[in-house]
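>>> here is the input, now give the coordinates:
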Amino acid sequence: MSVASQDDSAQQAPRKRKRRRWIFYALVALTPFALLYALLMAPVWIHDYQLTGLADRILRHPTPPGGTGVSSYEPQQRISGDSGDCWVSVRFSLVTDRPAEEVLKHYEAADFAKGDERYTDFSVNAWVPYGSDPEEYGYKTIIIEVDATYQGDSGWDFRCF
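You can find the predicted model right below:
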């Protein structure tokens, strides 16, 4: 082993230690921000989880009789609010040969809040998007939107304010 290679390895050791220290200090400096982010986002994640449970219950509800099926698109979920009150909305589409009024009555009679007292004041809306002509295709797409009020503690979810 030559003298030059010993000098190179001796100089690289302090460089590695400096790099490790810099990474350590950067992680220490960023940790409070990461913890603050997690603290602020925890209510959002909790409400999203609860809303996903509601959406699953709505989609598991039997579809109206006839040539009806839930479309392949994922349901859309939204949380909004005003002064601490949370309003949730779940929207999905059905492909059916039934009239929109019949589908609406079917979903209005459903009990989506069964066993979950966090959601109240359910309202169901249904409409047929423009261009969904049953005479041309033999079926039509009906969009169902279920709105509810979240009665639980908003838990500092910024979307409810």
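
>>> and the strands in this structure?
Ranges of strands in the chain, per DSSP state E, are 69-70, 76-82, 85-96, 119-127, 140-150.

>>> can you list the strands that the longest one pairs with?
Right, strand 85-96. strand 69-70 (antiparallel), strand 76-82 (antiparallel), strand 140-150 (antiparallel) (DSSP bridges).

>>> just those: most buried one?
Across those, averaging neighbours per residue (mean count of other CB atoms under 10 Å) puts strand 140-150 on top, at a mean of 20. (C-beta placed from N, C-alpha, C; glycine too.)

>>> got the angle for it vs strand 119-127?
Interaxial angle of strand 140-150 relative to strand 119-127 (axes from the mean of the first three to the mean of the last three CA atoms, to 10 degrees): 160 degrees.

>>> can you show me the CA trace of strand 140-150 as PDB?
Output of strand 140-150 as PDB, limited to C-alpha atoms (Å, rounded to 0.1, in the frame of the first residue of the first chain):
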ATOM      1  CA  LYS A 140     -78.500   5.200 -19.500                       C
ATOM      2  CA  THR A 141     -76.100   6.400 -16.900                       C
ATOM      3  CA  ILE A 142     -77.700   7.900 -13.800                       C
ATOM      4  CA  ILE A 143     -75.600   9.800 -11.400                       C
ATOM      5  CA  ILE A 144     -76.500   9.400  -7.700                       C
ATOM      6  CA  GLU A 145     -75.400  11.900  -5.100                       C
ATOM      7  CA  VAL A 146     -75.900  11.200  -1.400                       C
ATOM      8  CA  ASP A 147     -75.300  14.200   0.900                       C
ATOM      9  CA  ALA A 148     -75.300  14.000   4.700                       C
ATOM     10  CA  THR A 149     -74.300  16.100   7.700                       C
ATOM     11  CA  TYR A 150     -71.500  14.900  10.000                       C
END
